[in-house]
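**Student:** prediction below, plus the sequence it came from.
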Number of protein chains: 2
Amino acid sequence: MADSVGVGLLGLGVVGGGVARTLREKAETIARRVGREVELRGVLVRDPARERELPGLRVTTDPAAVLEDPSVQIVVEVMGGDQPAHQYIRRAIAAGKHVVTANKEVMAKHGPEIVAAAARRGVDVAYEASVGGGIPVIGPFKLDLLANDISQVTAIINGTTNYIITRMSQAGLDFESALREAQEAGYAEADPRNDVEGIDAAYKLAILATLAFHARVHPDDVHREGITTLEPSDFRYARELGYVVKLLAIAKVIEGGLELRVHPAFVPEHSMLANVDGVFNAVQVEGDLVGRILLYGRGAGAGPTSSAVVADVIDLAQRIEAGSVRPVVAYDGRLRPRSMADTRCRYYLRLVAADRPGVIARVAGLLGEREISLASVLQKEDIQVSEGDRYAEIVFMTHRAHEAAVQTALDEIRRLAVVARIGSVIRVED
Amino acid sequence: MADSVGVGLLGLGVVGGGVARTLREKAETIARRVGREVELRGVLVRDPARERELPGLRVTTDPAAVLEDPSVQIVVEVMGGDQPAHQYIRRAIAAGKHVVTANKEVMAKHGPEIVAAAARRGVDVAYEASVGGGIPVIGPFKLDLLANDISQVTAIINGTTNYIITRMSQAGLDFESALREAQEAGYAEADPRNDVEGIDAAYKLAILATLAFHARVHPDDVHREGITTLEPSDFRYARELGYVVKLLAIAKVIEGGLELRVHPAFVPEHSMLANVDGVFNAVQVEGDLVGRILLYGRGAGAGPTSSAVVADVIDLAQRIEAGSVRPVVAYDGRLRPRSMADTRCRYYLRLVAADRPGVIARVAGLLGEREISLASVLQKEDIQVSEGDRYAEIVFMTHRAHEAAVQTALDEIRRLAVVARIGSVIRVED
């Protein structure tokens, strides 16, 4: 067997530990698939004194000891966060190492520049683990879907929020209770902002859209709404209307531009996406040749993430053995992000209004003035009484309407004296 | 731009026409992704006089004109069937051409030998289109899932039967009517045997199992039952019990062996597989790291198949450009096909029996003697009257039992005077 391929690991948390364990426990299988042994040469850690489950690892706190080790050909970055991970990736590339990263934040914010720098240096950057854990997502875009012009990507790509939403939907919990449950189960962090406000999903959507559309998409281009304002009644109305609520990440070609948005949405109850529950993720892709496909699985965790990271390591090691680097797919820049105001959707609007005659007519009138026509109106008998006043929940389902018009109408509706508050505005994706 | 890559096409039917059209219409995109132009040099057809939608194609009836054309580097085989396709593929390899094929029969029966011959000749064989149309399936096994030990593949991989089953389930049609509908819609052939008896699914399962388990699996190793004996009442009982009927193709590691079977099965109604309807396909994979993933999409048709074929062409052309051939994953031969008699499953048994006291007790007694215990028994009031006798349908759901024991018990039950016939025996896959 030829010389072994050397791997350096940055980070030894949950994912890093999983990667180190997999490289060790599957050393024989990996060697058989690569044609050479693949060896973990050094691991950058924060605290070298910490007791490790894996004895015999060469740990260091000095990044250079990994990044500039001449016996390392592949650097695996699983630290997470923007800095110092980004800087280490750039140093690894500069030192002529191939890079495997699970870092969605770095790839979303700096991916195209990193890939270009790697191509100039003659090395490769692999990032299958950055979106959808172990689900084959990046691979299919780079290989299986290459012949397609992609028109839309619709994804459930944050396991934490999908777990919370599934519990709200199936157990009738409110957001706070479902979040607490997710935190107790280890699915949500103590500070859940990154997940519940859709920031994590926007990172992943930026990576997917960049790949799918050969466009330069930055997370700031993504319109973003989280799940914190969803209420149990939204889930009940959704079911009644034949839908399920999901936090969707959508990238879509419209009139030569790219619509990019993360927000809660109604999806038809019998669709594949509606059945993606708990911490599972799914990426649905529509291509001109392939039609609609869906890729489904666990989006996070040590096992699934290690699956993707180690697959990338094996692939790179095979290509080091073969002496070939994958060609870089150029960004053609034809598709530019569009403004959210231009989006056209159907909308679900839930209002809490005074239980008086004429409220529906007034709201419908304001919507009509903005050319927003109604598909249906639901008024339920469950009346809320507060401070002596009687309130009713009214649900409006619109036909397709312009986002800008809807937002203007909502401002006007909000100012109506008879409207106590706008409970929810959720887009409908059929 | 460097010299173009030359492609030769064998077959110009629905799929071949789609491939030729895609190579032409997307020439610019393909050239951008490969770094060179990819050119269709010659097409083997049966009838050169037939009018073609695509003018200017260089068609020939002489296989050597394509297989031995020195300007052709990639031969695309989309004729289907065993011979002469198999022979042409071998000749292309011998002439030093890379091969892309959509031929499940050839790859299922001769895949490992073909891949080995290609490796010896320093060329590659790509066959993404042979299973699941445009769904990324072969690619993920060769790349994304490489780090996993796969324990099970469960697939809906025949669109014709899934369409028929979906119509039987959702519209209450009997098999003959649903088949006729599928034929009228162009989803089933005039002679539907290959599809409805599970032959096509067994080919595809052999290909998937060979890849997933690095084992040598021949279609003859696959236990095979079709959908022709399913009756509308099976779909009604399934629903009542919380299941959906699907034709599953299953490959599973059990006690160091491989269970390989294609047959109708009950799947839980809320599972992802239960929601794969109509002509759609899905491949579900369980790996030790990745957990459960599912890959879903259209399994046939000119568009999806061209998507897979042209992706393979682009990938090969990229590697011709880079001068690298993918290493062959060796068959390690550890896992051997097991006998169907050793399978353990839960079973649904539907009997038509005389409407007399004691029938359930006698059947349960025979099952009990073979250590098959019952989970539930349903006797419905819809009595069939025939020649003056009254019959009742009785449904038994068993706990996990041995296939061999179940088959023996069924022989005994069939001989009971009170049993008119065994309506269905369907395995339950949770």
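**Tutor:** Sure thing, it's come through.

**Student:** quick one, longest helix in chain A?
**Tutor:** Under DSSP state H, the helix in chain A containing the largest number of residues is helix A:302-322.

**Student:** just the CA atoms of that one, as PDB, please.
**Tutor:** This file holds the C-alpha atoms of helix A:302-322, laid out as PDB (Å, rounded to 0.1, in the frame of the first residue of the first chain):
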ATOM      1  CA  ALA A 302     -22.400  13.300  15.600                       C
ATOM      2  CA  GLY A 303     -23.300  10.300  13.500                       C
ATOM      3  CA  PRO A 304     -24.900  12.000  10.500                       C
ATOM      4  CA  THR A 305     -22.300  14.800  10.400                       C
ATOM      5  CA  SER A 306     -19.400  12.300  10.700                       C
ATOM      6  CA  SER A 307     -21.000  10.400   7.800                       C
ATOM      7  CA  ALA A 308     -20.800  13.400   5.600                       C
ATOM      8  CA  VAL A 309     -17.300  14.600   6.800                       C
ATOM      9  CA  VAL A 310     -15.700  11.200   6.500                       C
ATOM     10  CA  ALA A 311     -17.300  10.600   3.000                       C
ATOM     11  CA  ASP A 312     -15.700  13.900   1.900                       C
ATOM     12  CA  VAL A 313     -12.400  12.700   3.400                       C
ATOM     13  CA  ILE A 314     -12.600   9.400   1.600                       C
ATOM     14  CA  ASP A 315     -13.500  11.200  -1.700                       C
ATOM     15  CA  LEU A 316     -10.600  13.600  -1.300                       C
ATOM     16  CA  ALA A 317      -8.200  10.800  -0.400                       C
ATOM     17  CA  GLN A 318      -9.300   8.800  -3.500                       C
ATOM     18  CA  ARG A 319      -8.600  11.900  -5.600                       C
ATOM     19  CA  ILE A 320      -5.300  12.500  -4.000                       C
ATOM     20  CA  GLU A 321      -4.500   8.900  -4.800                       C
ATOM     21  CA  ALA A 322      -5.700   9.500  -8.400                       C
END
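
**Student:** residues of that helix that come out buried?
**Tutor:** Buried residues in helix A:302-322, counted by 16 or more other C-beta atoms under 10 Å in any protein chain shown: A:302-320, A:322. Any C-beta I mention is one placed from the backbone N, CA and C, and that applies to glycine too.

**Student:** beta partners of A:F396?
**Tutor:** When bridges are called by DSSP bridges, A:F396 pairs up with A:L349, A:V377.

**Student:** ok, it touching A:Y348?
**Tutor:** Yes - using C-beta atoms under 8 Å, A:F396 makes contact with A:Y348 at a distance of 7.5 Å.

**Student:** who's more crowded, these two?
**Tutor:** Taking other C-beta atoms under 10 Å in any protein chain shown, A:F396 and A:Y348 do not tie; A:Y348 has more neighbours (26 against 22).

**Student:** secondary structure element for A:F141?
**Tutor:** If you go by DSSP states H and E, A:F141 is part of helix A:138-142.

**Student:** and the very next helix or strand once past that helix, what other elements does it pack with?
**Tutor:** Tracing the chain C-terminally past helix A:138-142 and defining elements by DSSP H and E, one meets strand A:150-156 next. Identification of packing neighbours for strand A:150-156 by 3 or more C-beta pairs under 8 Å, 6 or more residues apart in numbering or on different chains; DSSP states H and E yields helix A:199-213, strand A:243-254, strand A:280-287.

**Student:** buried residues in the longest one, which are they?
**Tutor:** Applying a neighbour-count criterion of 16+ other C-beta under 10 Å, the buried positions in helix A:199-213 are A:199-213.

**Student:** any idea which of those residues is closest to A:G134?
**Tutor:** For the buried residues of helix A:199-213, the minimum distance to A:G134 (C-beta to C-beta) is 14.2 Å, reached by A:K204.

**Student:** what's the offset of stretch A:42-57 from the middle of its chain?
**Tutor:** Taking C-alpha atoms, centre = their mean, to the nearest Å, one finds the center of stretch A:42-57 at 30 Å from the center of the full chain.

**Student:** cool, and stretch A:238-256?
**Tutor:** Offset of stretch A:238-256 from its chain centre (C-alpha atoms, centre = their mean): 14 Å.

**Student:** what does stretch A:231-241 give?
**Tutor:** On the basis of C-alpha atoms, centre = their mean, stretch A:231-241 sits 24 Å off its chain's mean C-alpha point.

**Student:** which residues does the helix holding A:F141 contact?
**Tutor:** Identification of contacts with helix A:138-142 by C-beta atoms under 8 Å, 6 or more residues apart in numbering or on different chains yields A:126-128, A:130-131, A:207-208, A:211-212, A:285, A:295, A:311, A:326, A:329, B:136, B:139-140, B:143-144.

**Student:** mind running it again at 7 Å?
**Tutor:** Contacts with helix A:138-142, where a contact means C-beta atoms under 7 Å, 6 or more residues apart in numbering or on different chains, come from A:127-128, A:131, A:211-212, A:295, B:136, B:139-140, B:143-144.

**Student:** quick one: the helices in the stretch 301-430 of chain A?
**Tutor:** Secondary structure of the stretch 301-430 of chain A (DSSP state H, counting those that start in this stretch): helices at A:302-322, A:359-369, A:403-415.
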